[in-house]
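# Mind looking at a prediction? Sequence and model below.
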Amino acid sequence: MLVRFVTAAVLASALAVAVADVETAARAPHGQKPAAAPAEQPPKPPKLWPPDAAALAKRRLNAEALPLFSSFEPVEITITADFKTVQRDRDVDSKTLYPGTLAIVTAGAAGPPIPIQLRTRGHVRRSTRVCEFAPLRLEFPKAAVKGTVFAGLDFVRLGTHCQSERIYQQYTLKEYLANRLLLTLTPRALRARLARVTYADTDAGKQPYTRLGIFFEDADDMAKRLEARELPVPRQVFNAVDQPSLLFMSLFQYMIGNTDYSIFSLHNVIMIDDAKGVRYVAPYDFDYSGLVYAHYATPAKGLGLASVRDRMYRGPCKTVAEVEQALQPFRDKQAELLALPASLPDFDDGHRRNAEKFLNEFFELIGRPDRIKKVFVTDCKPLDGM
């Protein structure tokens, strides 16, 4: 496909916003982190691409069948480790693993301990200035989890509670809600599953405690479900990627009030290429969105927004007809989307109503042709990327 070159002025503008985006980065569930100077070329694929149709189908079926992401019912586990040592390791480049065990809890009874290794992960949330308890990566031998909810996985990423205050549990639920909204609309999304995690320290003097967390699908498994591959390619402009998926992503981000993403710096966006070489975009990491409305979340300075509750459409600029067509999946699933907040466990009434109100505002807007034209067409800034 042809990619047109951006002018120096537009490139500088896009890069300025990308840098501002990186400064507001939060968690990266599938392990990517913003790069200050991303490489121009994608990494060389380790295997021949694309594989034949039978191999693509086999990859898809295996990824679809992963039991951890075959249900939305919260999974309950107990993790035992020396958490003081684990959580002390906050070097963003560290991959040091620490021993622990994981037990799957069924009907209130913990199963046999499974040996695991774990470490902190992420970028901003790995900082002690942001989170007292950083997100985790859990690794286990496939043989040890055979026949369990973790079957088929050799690692999984766990979004954790960050801080002890109860409001952080509500942030977790609202971030999970954002993922469920996306999954309701498209398969181009990381699957997610709520978890009730009991953290038991090997230090006998510390009492176990239970918090909500989120297990996130790996981007590679998402790509396999789509008979594609993840190919992290930064410095992309609008015309370099599939236009319907780009427009859909931008409208979804507007719906949840999220501006914390960039295809130029590959920030909170996953690039996947299908067997025909078509490049799609999939968003992730929504805790800086207006839907979640975390008290630590602020919009990038270059966007001129006062609050993450202030929605902004960041392009691409399309015609009214194209926008209307892209909005149809939202309208088709409106009732299902609006019913999701009430379906989540442990959601405080105030936070649930707040989420419902925020989503209703979006659907009220897209019910008015004049507002659609103004927000997504007339006011759209004709840039080459973001």
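Cool, the structure landed.
# only C-alpha atoms for contact and neighbour calcs from this point on.
Will do.
# all helices in this structure, in order from the N-terminus.
8-23, 53-64, 83-88, 142-145, 166-185, 219-225, 243-256, 320-332, 334-343, 349-365, 369-373 (DSSP state H).
# tell me the mean pLDDT for the longest one?
In this model, helix 166-185 carries a mean pLDDT of 97.
# again with the second one
The predicted model assigns helix 53-64 a mean pLDDT of 97.
# try the fourth one
When pLDDT is averaged over helix 142-145, the result is 94.
# residues near Thr101, how many?
18 (other CA atoms under 10 Å).
# For it, which non-adjacent residue is closest in space?
Pro115 (4.5 Å; CA to CA, 6 or more residues apart in numbering).
# Next, count neighbours for that neighbour.
17.
# Does it touch Tyr98 like I think?
No - with contact defined as CA atoms under 8 Å, Pro115 does not count as touching Tyr98 (10.8 Å).
# Let me see the contact set for the closest residue to Val278 other than its chain neighbours.
What sits nearest to Val278 in space, not counting adjacent residues and going by CA to CA, 6+ apart, is Asp242, at 6.5 Å. When contacts are counted by CA atoms under 8 Å, 6 or more residues apart in numbering, Asp242 touches 278-281.
# Can I have the buried ones of those as a PyMOL selection?
In PyMOL syntax, the buried subset of the contacts of Asp242 is picked out as below (16 or more other CA atoms under 10 Å):
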select buried, resi 279+280+281
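# can I get the contacts of Asp242 in JSON lines with distance to Val145?
Below are these laid out as JSON lines (distance: CA to CA, whole Å):
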{"residue": "Val278", "distance to Val145": "35"}
{"residue": "Arg279", "distance to Val145": "34"}
{"residue": "Tyr280", "distance to Val145": "33"}
{"residue": "Val281", "distance to Val145": "32"}
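# any idea which of the contacts of Asp242 is closest to Tyr168?
Val281 (28.8 Å; CA to CA).
# How many neighbouring residues does the closest residue to that closest one other than its chain neighbours have?
Spatial nearest neighbour of Val281, excluding adjacent residues (CA to CA, 6+ apart): Met271 at 4.9 Å. Look at Met271: counted by other CA under 10 Å, it has 21 neighbours.
# Report pLDDT for the residue nearest to the spatial centre of the chain.
Nearest to the mean C-alpha position of the chain, by CA atoms, centre = their mean, lies Tyr284 at 2.5 Å. Looking at Tyr284, its pLDDT is 96.
# Let me know the distance separating it from Ala151.
24 Å (CA to CA, to the nearest Å).
# can you check Ser250 too?
34 Å.
# Show me the shaky parts of the protein.
1-47 (pLDDT under 70).
# Most tightly packed of the helices of the chain?
helix 219-225 (a mean of 23; mean count of other CA atoms under 10 Å).
# starting at the chain centroid, how far to that helix?
Centre-to-centre, helix 219-225 and its host chain are 13 Å apart (CA atoms, centre = their mean, to the nearest Å).
# What of stretch 374-383?
26 Å.
# Next, the contact list for Thr202, please.
Thr202 neighbours (CA under 8 Å, 6+ apart): 80-83.
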